[in-house]
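A.B. asks: below are the sequence and a predicted model; questions follow.
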Amino acid sequence: MDITCSVANPLESLAPAIDYEFTLKVTCLGSVRITGQHDGFPAYEFWRKFDGKSAEIY
């Protein structure tokens, strides 16, 4: 799955843009691979919940 985002806050000229392009691959066994690039915005998270267990953060 390809995930792309390119946004900015038009109401706040000093707000940083948020730009990224990631490829997310999940196998049928639940392993996760995330590759791609971003603009350095300091907070990206990916949460995975597997079979009702606790969420994992990547």
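C.D. replies: Arrived safely, thanks for sending.
A.B. asks: switch to C-alpha atoms for all contacts and neighbour counts from now on
C.D. replies: Noted.
A.B. asks: isn't Asn9 right up against Ile18?
C.D. replies: No - using CA atoms under 8 Å, Asn9 is not in contact with Ile18; the gap is 9.2 Å.
A.B. asks: residues contacting Thr4?
C.D. replies: By CA atoms under 8 Å, 6 or more residues apart in numbering, the residues touching Thr4 are 19-22.
A.B. asks: whoops, I mixed them up, Thr23
C.D. replies: Thr23 is in contact with 1-3, 34-36, counting by CA under 8 Å, 6+ apart.
A.B. asks: of those residues, buried ones?
C.D. replies: Among these, none scores as buried (criterion: 16 or more other CA atoms under 10 Å).
A.B. asks: quick one: the strands in the protein, in order.
C.D. replies: 2-7, 18-26, 32-38, 47-48, 56-57 (DSSP state E).
A.B. asks: one step back: in JSON lines: the contacts of Thr4, plus pLDDT.
C.D. replies: As requested, the contacts of Thr4 are exported to JSON lines (pLDDT from 0 to 100):
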{"residue": "Asp19", "pLDDT": "88"}
{"residue": "Tyr20", "pLDDT": "88"}
{"residue": "Glu21", "pLDDT": "92"}
{"residue": "Phe22", "pLDDT": "90"}
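A.B. asks: closest one of those residues to Ser13?
C.D. replies: Nearest to Ser13 out of the contacts of Thr4 is Asp19 (CA to CA; 15.9 Å).
A.B. asks: next, count neighbours for that closest one.
C.D. replies: Close neighbours of Asp19, defined as other CA atoms under 10 Å, add up to 15.
A.B. asks: isn't it up against Ala43?
C.D. replies: No - between Asp19 and Ala43 there is no contact under CA under 8 Å: 11.6 Å.
A.B. asks: count of neighbours near Pro16?
C.D. replies: A count of nearby residues for Pro16, using other CA under 10 Å, gives 13.
A.B. asks: so what's it scoring on pLDDT?
C.D. replies: Listed pLDDT for Pro16 reads 81.
A.B. asks: what's the distance between the closest residue to it other than its chain neighbours and Gly40?
C.D. replies: Nearest non-adjacent residue to Pro16, counting by CA to CA, 6 or more residues apart in numbering: Ala8, 6.7 Å away. Per CA to CA, to the nearest Å, Ala8 is found 14 Å from Gly40.
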